[in-house]
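# What follows is a protein structure lacking sequence information:
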Ligand code: SRM
Ligand code: SRM
Ligand code: SRM
Ligand code: SRM
Ligand code: SF4
Ligand code: SF4
Ligand code: SF4
Ligand code: SF4
Ligand code: SF4
Ligand code: SF4
Ligand code: SF4
Ligand code: SF4
């Protein structure tokens, strides 16, 4: 380990070239095609004829140093000391010798990391901090992810599905998990207006608090002599922006917090353009440790899609083809007032034609 | 003619049945199919086997009693005294004897009314009052319509085009011509902020005037002692709403008024859903009596469509298929800042994907 | 050419030539024996010279007991053009679908020759017969003669505007309900709303017999009634083949244009997956002899279209996905009245129904007019997470809901 | 099963069973020799019992001279959980595309074991290595050891956030530019903007090598750089036929999914009308051996994506339809700096670039950053007539334009 003495800053990350295996250095930018060999296993063939085998293993994303070191050991054992993580937090082992693949997979299984998630399989759930580290959470992240993937794991490591299906979770409306463009999104929500704490004016600038509310539901007032704020509850849509600027307006509430389920978003440009997720289920309760209602709802939506979608069709493309009324019918989800947009651009989501499946 | 004496009110329009020819009364709601026989001539065949021949003739919409009586005479001569007008202001003669069609057409031609506009032909231009009767006009209506149709008449009475092409004109942003959903729309526009007249406060309620401006460009002020308003010119987008509520804010201005050209709107549900027209040409000058720039621009757009569109493809469907960049290229119209939406929903018109024809 | 206008009109004269019928010729003809038409011609020539209109805001004029039906109009050069110092138009309610007997037309002509300029628009954009230009004193006499002859005025101002419809069952094989009958029925049922402005703003009704929407209702009517069906498209396979033999490329010109790609042609048989058919009409339009709408017919009712002033143009959006329309149309009339009640109470001045719906939110609007929300009303559910959840639990009474 | 957390955690224990790897097992493992992890486990169990989180707003903590890279965090029951009274996370800038040598990983582990909880996220949603939980006093020592070993912190707060990219040319045949190189280059070029928050709000950059956008840049980056090409898709007809024989229904599964229907398959040959191809990647995705992107490669640069708080979520929109990307990327860097200048001057506090663009209007925004408007930037031209025409003629000087 280096032991410089003067204080270094702004050196940036280590250069990626130091991290690349020889086969990649040699064929960098000269890959010809790839093939999926087995669940979680693919090969990339270079113009030179060289082959790079990738084995993708599931990860809980939250990893202790012990497990990371175990990954490092596997990389040494099978991959000349090279590995990478994916944009969905899986871990990928990079081999040049395909005869080692099965052994690697066996070792990974032994460690508790199923292999899969490549091609038309359901991959890892992009998620966030939840109760593990964030003050803003309306639900936990890791727990729901574990429960849902336990239930869907067969789609990760065995079964094929019609196309890619991306699930994401964010524990509050800040949407760090960028759930706003996922095939299925699980979103932590508050449903009770902030509870105004005494001495608010000591902790927060009242004008900032008032300004923070997009619906102008917060007004200044005085509570027994003290300047404070009052909230017109009908005007609150639970964005928590006021809480972000003022800790004295907590929104977390065991009785009313929960999750909503969203569907049909995507980011790739393949076939259809990138699009946002749309509301499917307005509210499900927080039921730790395994959130059975959420698990059940996600599986239901997944199965409707698996049954009905054409090859390569993403969730949103499938729903577009059969129409939203039919999606609600097939999933048994009841269409309600909450589904109708009433935000800024609401009018543009109304059905402005007579093109209806009757 | 009846001669009742007491004052009748709220009797409503005459019942339509009194106006229908016998063949229609007999086959009402029992039509089987129709065929287009010649430009402006079609036959509707009833389940009974009866046939109804329709001859559609062009009309300037503005008609004097003399001409209307001449139409009535033709109806007597050929149609047992029955005729109708269309939702695009053409006149339709309804015959049961197809041997009379040619004579009728000859008489109509003699009167100066070409026959055509049925099926995939360009029909009459829906238009409005303009300088003939409205205080709000930024251009004339009838004059431009006459000039444009003189130029396009072959597409009305002879040539076939790929699909329906609807042209509409409105002489101001009130859009009485409902040009907002036309294949090609001609729209009268102002481009100079209202000129504030002295003594405004005598004619108008200043608070109403201030409130009338959607961009809040109007502020109250005092001009030599008198209460009046001032207008922040950069904030004006020439909607004329202030003029609608206050005559002391005239917008008409010979130097700056003119027309803009819009394309790609439609209202039918056929194939694609109804959609608004989009801006093609931000400004063309008012050049009476024949507005050559407008005539030329419309023909250019029509010809690009005629050349490039697939069968049944409306203007907007054609443009969607080839992409807007290509439409601007083919028409030679320059894309400019004015084309970029900057109204309420502007952001939703930005291209939010990488799906581009490169 | 001869200047029959009385004043020199070199500019307008240029609009008499050319194949398209000329409005100038019409005015000149009328000007032969009407001084107001001479003046109109001269004033218009002036506008053509100066590139500006010469009409002022209209004052409130009308006929006794009516608030609508007349558009007051005055020119800004009354000394020079005294015969059109006032030049008001009357909007006369047309018969459904603009059918006329020659006698009915002559009656209108006679009346208007006696009392006005003799110039008309057949028809105005809303559908009325426009009697173009007369003096205030002539309004009442004109009205009397009209009503004596079975005609009445249409709407203007903040009232129900003259409903209009497509030719429908009178001549069209695709009409899914009786557009003429309902238009006449609603017009008669709502005479008071038509003649006496009492709404926040105008309210227009247009009835199209099928999704082709030949009266542009979805773009121009606060209430757009568009015919449709809910069973299978009727197919005559022989006629389909005939159409193909006649040169129609069924795969390319029909199937490829189907918005849901639910129609297939194997060269012999045409099959339609009616469950996914959105009743767009295209295949039927392309093969009128081979295909016809289903037999279980009715209409989709949409709400809220308007022109852009001032918050932006709107197309109507789905209110009732499917409704059977038979006289006396009670169900529909009830909905209309519930809408008017809510709008009358909560609509701002000059706020159209479509704008109100958006301002209060479609969900709340539906609650107010007692219509259940259904997925057909939206293109897709909300994309933003800003839901106004209306109830929450209080610690004390766990399990209980509170407002 | 064994309760290695020190406190009873019956609820969390249930999350150790099942096929998916368990985060609980990870924490328990760490809890064996770290008191803060024991406390974390216990606090989390409490949250599971009470259905509420126990973390408070984070205060400003960090390392000397940096404004970002650390997220301060304190729990609201410090007496009960003293070992995580403060439990800050460090965001460590990952190497491009998350490639590691086993040694590099071990180095991180060693450092973090010495100075923190030993728990991490591999990786955070923005892409950083998240070192999850330590005390204020440990921040500086951790930072020193990181920099001594070639690592540095990533972004947080109102600064440029850690740029990230897809695996690109390192392993993907579809990469249209060098995503790893540009990501590293921009990160190094803008170290000051990354470490010292001076913007109105956060600014994220994500680089995807092709339109598949495997880093979700269009949804999650203020600047989304997406690879593309402008010549013909490379076709190997033999491989196309092979794909067909291998069971792919080319007509149904490829051609019918093409967004512009510009690809045709006659059973023998595949033809693409490249002029109408919008480079969506689908046909290439479906037949990786047969089709490849064209050879004239570059990228489309889009601007403005963000999550919903608080004006609604945005996807990035096209700023530069096509740009060649070769080191040192001067043209792109110039644009970025012009954007930052305008944003820095006119952006409101907590206003993202995408929101600013909409507030001032894309047209004005383009003028300010000196980029020509082109039709590729819009889905379609404006539908409303409210154009801010910027010049008009004055009577006096006819013909002349004035502001
Ligand atoms: C490894 C990874 C990039 C990285 O730098 O980490 C990656 C790698 C590949 N992606 Fe991806 N994608 C990766 C995240 C994504 C994402 C981002 C995300 O999920 O957040 C997307 C956008 C998803 C969306 O649209 O919402 C993505 C959309 C695609 C697509 C388009 C799929 C579609 O039909 O929409 C393809 C094409 C395909 O699958 O045929 C694709 C294809 C591929 C290929 C086949 C490209 C290649 O030739 O190597 C790579 C491996 C196959 C596979 O299925 O994973 N990759 N890919 C990411 C793996 C994540 C994971 O662990 O599962
Ligand atoms: C007479 C009229 C209804 C009326 O009550 O007056 C009418 C009559 C017919 N229309 Fe229409 N349409 C009439 C205005 C419209 C309008 C409204 C408008 O133009 O403002 C539309 C909507 C236009 C739009 O989408 O912007 C309209 C969209 C259609 C369509 C759909 C065309 C398309 O592909 O989008 C059809 C189907 C077709 O033409 O194959 C159609 C078909 C027909 C048919 C063939 C229906 C039938 O079987 O009788 C009728 C005669 C053929 C023809 O081409 O005109 N009609 N038709 C209107 C004649 C106007 C005129 O003088 O030209
Ligand atoms: C006569 C007519 C145009 C024509 O030449 O055909 C007309 C003429 C006028 N319209 Fe209109 N509108 C006419 C159909 C329309 C239509 C089309 C339609 O009804 O299908 C529209 C668009 C659809 C809609 O209602 O949104 C229309 C949207 C307007 C508007 C904008 C309303 C809005 O909410 O956006 C105004 C402005 C206003 O109401 O103050 C307006 C206002 C006017 C006024 C009264 C001018 C004014 O501001 O006071 C015009 C009187 C002109 C005159 O002196 O004769 N007119 N107006 C049409 C009525 C004739 C008839 O009754 O048949
Ligand atoms: C750690 C991380 C989630 C994770 O578990 O991976 C995260 C965690 C937080 N985010 Fe985030 N965001 C994280 C990626 C994102 C992303 C996704 C991305 O960057 O690709 C987004 C959506 C994309 C975007 O930027 O819009 C995101 C959108 C937000 C927002 C909403 C910003 C907006 O303009 O809408 C906030 C609220 C704020 O900025 O005040 C936010 C705020 C926060 C804060 C700092 C909470 C707060 O309000 O102070 C969270 C700290 C949690 C904690 O205690 O550790 N975080 N945040 C991600 C950063 C790790 C990393 O550096 O790699
Ligand atoms: S989504 Fe919300 S709760 Fe979850 S980490 Fe981000 S800010 Fe925190
Ligand atoms: S949560 Fe959002 S809407 Fe509700 S009061 Fe706070 S800022 Fe306003
Ligand atoms: S469009 Fe404008 S100018 Fe023309 S008639 Fe209507 S209100 Fe008058
Ligand atoms: S024209 Fe419109 S924008 Fe201009 S000042 Fe008048 S109301 Fe305002
Ligand atoms: S709308 Fe339909 S029913 Fe009415 S005329 Fe047009 S095609 Fe016929
Ligand atoms: S009516 Fe339209 S949607 Fe239905 S099958 Fe025919 S083309 Fe397709
Ligand atoms: S974005 Fe394109 S280049 Fe990058 S990994 Fe995905 S498929 Fe390959
Ligand atoms: S890349 Fe997409 S758009 Fe281009 S041909 Fe292939 S499928 Fe069609």
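Great, that's in hand. Fair warning: this is a prediction, and the values are worked out from it, not measured in the lab. Residues are numbered from 1 along each chain as shown, chains lettered A, B, ... in the order given. Ligands and ions are numbered 1, 2, ... in the order given.
# In the stretch 201-350 of chain C, which residue sits nearest ligand 1?
Taking Cβ to the nearest ligand atom, ligand 1 has its nearest neighbour within the stretch 201-350 of chain C at residue C:261, 18.7 Å off. Glycine gets a C-beta too; all of them are placed from N, C-alpha and C.
# I'd like to know how many residues surround that residue.
By other Cβ atoms under 10 Å in any protein chain shown, the residues close to residue C:261 number 13.
# do the one 4 residues further on as well
Each residue near residue C:265 was counted by other Cβ under 10 Å, and the total is 18.
# My guess is it contacts residue C:253. True?
No: if you go by Cβ atoms under 8 Å, residue C:265 and residue C:253 don't touch, sitting 10.3 Å apart.
# Can you pull the residues of chain A lying near ligand 4?
Proximity of chain A to ligand 4 is confined to A:128, A:129, A:133, A:134, A:136, A:174, A:175, A:176, A:178, A:244 under the rule Cβ under 6 Å from any ligand atom.
# how about TSV for those residues, with neighbour count added?
Below are the residues of chain A next to ligand 4 laid out as TSV (neighbours: other Cβ atoms under 10 Å in any protein chain shown):
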residue	neighbour count
A:128	29
A:129	29
A:133	28
A:134	22
A:136	22
A:174	20
A:175	27
A:176	22
A:178	24
A:244	20
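# Out of the residues you listed, which sit inside helices?
Residues of these located in helices (DSSP state H): residue A:244.
# For the residue of the stretch 201-350 of chain C closest to ligand 1, which three-state class applies?
In three-state terms, and counting by DSSP: H, G, I helix; E, B strand; the rest coil, residue C:261 is coil.
# In contact with it, which residues?
C:255, D:256 (Cβ atoms under 8 Å, 6 or more residues apart in numbering or on different chains).
# circling back: of the residues of chain A next to ligand 4, closest to ligand 6?
residue A:244 (8.4 Å).
# For the spatially most central residue of chain A, pull up the helix or strand it's in.
Geometric centre of chain A, nearest residue: residue A:168, 2.1 Å, by Cα atoms, centre = their mean. Using DSSP states H and E, the element containing residue A:168 is strand A:167-170.
# how about that strand, does it reach ligand 1?
No: counting by Cβ under 6 Å from any ligand atom, ligand 1 has no neighbours in strand A:167-170; the shortest distance is 7.5 Å.
# That strand close to chain C?
No: contact between strand A:167-170 and chain C is absent, the nearest approach being 9.4 Å (criterion: Cβ under 8 Å from any Cβ of the partner chain).
# what about whatever residue of chain C ends up closest to ligand 1, how many neighbours?
Proximity to ligand 1, evaluated over chain C using Cβ to the nearest ligand atom, is greatest for residue C:383 at 14.9 Å. The tally of other residues near residue C:383 (other Cβ under 10 Å) stands at 22.
# Tell me which residues touch it, please.
Counting by Cβ under 8 Å, 6+ apart, residue C:383 touches A:180, A:276, A:277, A:278, A:279, A:341, A:349, D:313.
# Give me the neighbour count for the third one.
It refers to residue A:277. A total of 29 residues lie near residue A:277 under the criterion other Cβ under 10 Å.
# how about low-confidence regions in the chain?
Since you didn't name a chain, this refers to chain A. Scanning chain A for pLDDT under 70 picks out A:1-5.
# Let me rephrase: I mean chain C.
Where chain C drops to pLDDT under 70, the residues are C:1-7, C:396-403.
# Could you confirm residue A:334 falls within a helix?
No: counting by three-state DSSP, residue A:334 falls outside a helix, being coil.
# List the residues that contact it.
The contact partners of residue A:334, by Cβ under 8 Å, 6+ apart, come to residue A:328.
# Would you mind confirming that residue A:355 makes contact with residue C:213?
No: the pair residue A:355 / residue C:213 is not scored as a contact, 11.2 Å apart, by Cβ under 8 Å.
# Point me to the residue of the stretch 151-300 of chain A nearest ligand 10.
For the stretch 151-300 of chain A, Cβ to the nearest ligand atom, closest residue to ligand 10: residue A:272, 19.0 Å.
# Which residues are in contact with each of residue A:355 and residue C:213?
Residues touching both residue A:355 and residue C:213 (Cβ under 8 Å, 6+ apart) are residue B:269.
# quick one, strands of the stretch 1-150 of chain C?
Counting by DSSP state E, counting those that start in this stretch, the segments of the stretch 1-150 of chain C that form strands are C:55-56, C:70-71, C:74-75, C:88-92, C:99-101, C:119-122, C:129-134.
# I'd like these laid out as TSV, including distance to residue D:127.
Shown next, in TSV, are those (distance: least, Cβ to Cβ, whole Å):
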stretch	distance to residue D:127
strand C:55-56	65
strand C:70-71	65
strand C:74-75	70
strand C:88-92	66
strand C:99-101	70
strand C:119-122	66
strand C:129-134	67
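# can I get these in CSV with distance to ligand 4?
As requested, the strands of the stretch 1-150 of chain C are arranged in CSV below (distance: least, Cβ to the nearest ligand atom, whole Å):
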stretch, distance to ligand 4
strand C:55-56, 52
strand C:70-71, 51
strand C:74-75, 56
strand C:88-92, 52
strand C:99-101, 59
strand C:119-122, 54
strand C:129-134, 54
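# Between those strands, which one is closest to ligand 9.
Of the strands of the stretch 1-150 of chain C, the one closest to ligand 9 (Cβ to the nearest ligand atom) turns out to be strand C:99-101, at 13.1 Å.
# now check the closest one, is it near chain B?
Yes: Strand C:99-101 lies within reach of chain B by Cβ under 8 Å from any Cβ, at C:99, C:100, C:101.
# by contact count, what packs against that strand?
Judged by 3 or more Cβ pairs under 8 Å, 6 or more residues apart in numbering or on different chains; DSSP states H and E, strand C:99-101 is in contact with strand B:82-85.
# Can the strand it packs on be said to contact ligand 9?
No: Strand B:82-85 does not reach ligand 9 (Cβ under 6 Å from any ligand atom); its nearest approach is 11.7 Å.
# quick one: residue A:124 from ligand 1, how far?
With distances taken as Cβ to the nearest ligand atom, to the nearest Å, residue A:124 is found 6 Å from ligand 1.
# rewinding a little: which one of residue A:355 and residue C:213 is surrounded by more residues?
The residue with more neighbours, out of residue A:355 and residue C:213, is residue C:213; 31 against 25, by other Cβ under 10 Å.
# Distance of the more buried one relative to ligand 9?
On the measure of Cβ to the nearest ligand atom, residue C:213 and ligand 9 end up 6 Å apart.
# and if you look at residue C:289?
In terms of Cβ to the nearest ligand atom, residue C:289 sits 15 Å off from ligand 9.
# Hmm, that residue is touching residue C:244, no?
No: in this structure, residue C:289 is not within contact of residue C:244 by Cβ under 8 Å, at 12.0 Å.
# end to end, how far does stretch C:28-36 reach?
11 Å (Cα to Cα, to the nearest Å).
# quick one: contacts for residue C:152?
Residue C:152 makes contact with B:9, B:10, B:11, B:12, B:13, C:92, C:93, C:146, C:191, according to Cβ under 8 Å, 6+ apart.
# Just to be sure, which of the residues you listed are found in helices?
Counting by DSSP H, the members of the contacts of residue C:152 that fall within helices are C:146, C:191.
# Just the buried residues from the contacts of residue C:152, in PyMOL please.
Applying 16 or more other Cβ atoms under 10 Å in any protein chain shown to the contacts of residue C:152, the buried members can be selected in PyMOL as follows:
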select buried, (chain B and resi 12+13) or (chain C and resi 92+93+146+191)
